[in-house]
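Asker: Output the structure for:
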Amino acid sequence: MNRRNLYYDKLRIMAMLMVIGVHAVGSIKDYAVSTFAQAEVYILDALNTFGVPLFFALSGVFLLSRTYEDLWGFYKKRLIKVGIPFLIYASLYVVCDVGIDKPLLLPWMYLVKVFTGNVHGTFWFIYAILGLYLATPFLSKMFKNMTDKEVAVLFYGCFAVNALNDLLSIVNYQFGVNNVIFNSANVFMFICGYCSRRLKKNGLLPETFYRYRVICITILMILYVVTRVASFQSAAIILLMPDSTVLKVNEKGCRIIDFLAGKSYSIYLLHAAVISLILKLYDNWTDLFEIKVVMIYPVVLIITVIVVDIVDFLITDRVVAFIETGNVRRDGII
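Answerer: Take a look at the predicted model:
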């Protein structure tokens, strides 16, 4: 029986593709020479930026809705789940950066890069989410002791601060109160996932928006693409967070979604290396750019999935299983 939430798994896969797009499209956009190609890149660039905040919001949905009686047990579990794959895949980037011709330097550079956050530019997300994990049990306890109306005040208040600052920035002004504890981008998206789901469930978010949320989200995404005002993006993600049963897939589709969603973290860790490899092996991006800029998404995804499935089967899952259970069996671990 599939115990995963398929709706959130679909959002996770969508966010994963957007993150791939950020770095894949960003790596080849200079080859866009036609007007249509440049417009295509502009739109894809905007849509791809939804990926990371969507990941933060999804993390908030799951983590802040739980109660953590065993504080150290939570930290241990999250460190193993996030830290072990990170340490394994980080070694690949360090070897590529330092070079295998300097074997004595590799261990030291590995430690330096891991502890200083310089493994690769895409890995900033791991450090950010680890910081939020540190605060998660305390944030969860805070929200559990807040009434729905108090959560609504915090949620709407932080959104209003962000929206007002965004609107004033259009005319080159800045709202005086532009930085409160819960309105910084990553933290806000983390708590907004939980808050929007809770408030929708308890009737404190307008039902009209959710009745027509496909239309509303489409309008908000278009507004964001045109204006790049962050509040339109945040509002679209907020509308996405509560569960939906609109989209259904067959049993085979469920298995594919379950597999890709389960591999999303490893895919995130490796996708940048795959993009770099593709760029080294293939450099004719100008011809038929309009098609290639779209096809690079599935190409990167497929190659990355194949590699991470092998690496996780041979190394990652077994290391995690050994730390958690004392043996190297991978069944049921990830």
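
Asker: Now G176: phi and psi?
Answerer: Per-residue torsions, G176: phi -60, psi -40 (degrees, to the nearest 10).

Asker: so the nearest residue to L168 once chain neighbours are set aside, which of the three states?
Answerer: Once flanking residues are discounted, L168 sits nearest to F175: 5.2 Å by Cβ to Cβ, 6 or more residues apart in numbering. Placement of C-beta: from N, CA and C, glycine included. The three-state assignment at F175 reads coil, by DSSP: H, G, I helix; E, B strand; the rest coil.

Asker: Next one: F175 relative to I191, how far apart?
Answerer: Distance of F175 to I191, given as Cβ to Cβ, to the nearest Å: 20 Å.

Asker: Over to V320?
Answerer: Counting by Cβ to Cβ - V320 and I191 are separated by 28 Å.

Asker: Which one of those two is surrounded by more residues?
Answerer: Between V320 and I191, counted using other Cβ atoms under 10 Å, the more crowded position is I191 (24 against 21).

Asker: in which helix or strand would I find the more buried one?
Answerer: Using DSSP states H and E, I191 maps to helix 185-201.

Asker: same thing with L139?
Answerer: Going by DSSP H and E, L139 is in helix 124-144.

Asker: for that helix, the distance to its chain's centre please.
Answerer: With Cα atoms, centre = their mean, to the nearest Å as the basis, helix 124-144 stands 15 Å off its chain's centre.

Asker: quick one: it to helix 185-201, angle?
Answerer: Here helix 124-144 runs at an angle of 40 degrees relative to helix 185-201 (axes from the mean of the first three to the mean of the last three Cα atoms, to 10 degrees).

Asker: Buried ones in helix 124-144, by neighbour count?
Answerer: For helix 124-144, the neighbour count (16 or more other Cβ atoms under 10 Å) marks 125-126, 128-129, 132-133, 136-137, 139-140, 143 as buried.

Asker: Pull the residues that contact it.
Answerer: 52, 55-56, 59, 63-68, 71, 74-75, 78-79, 82-83, 86, 117, 151, 186-187, 190-191, 194-195, 198, 268-269 (Cβ atoms under 8 Å, 6 or more residues apart in numbering).
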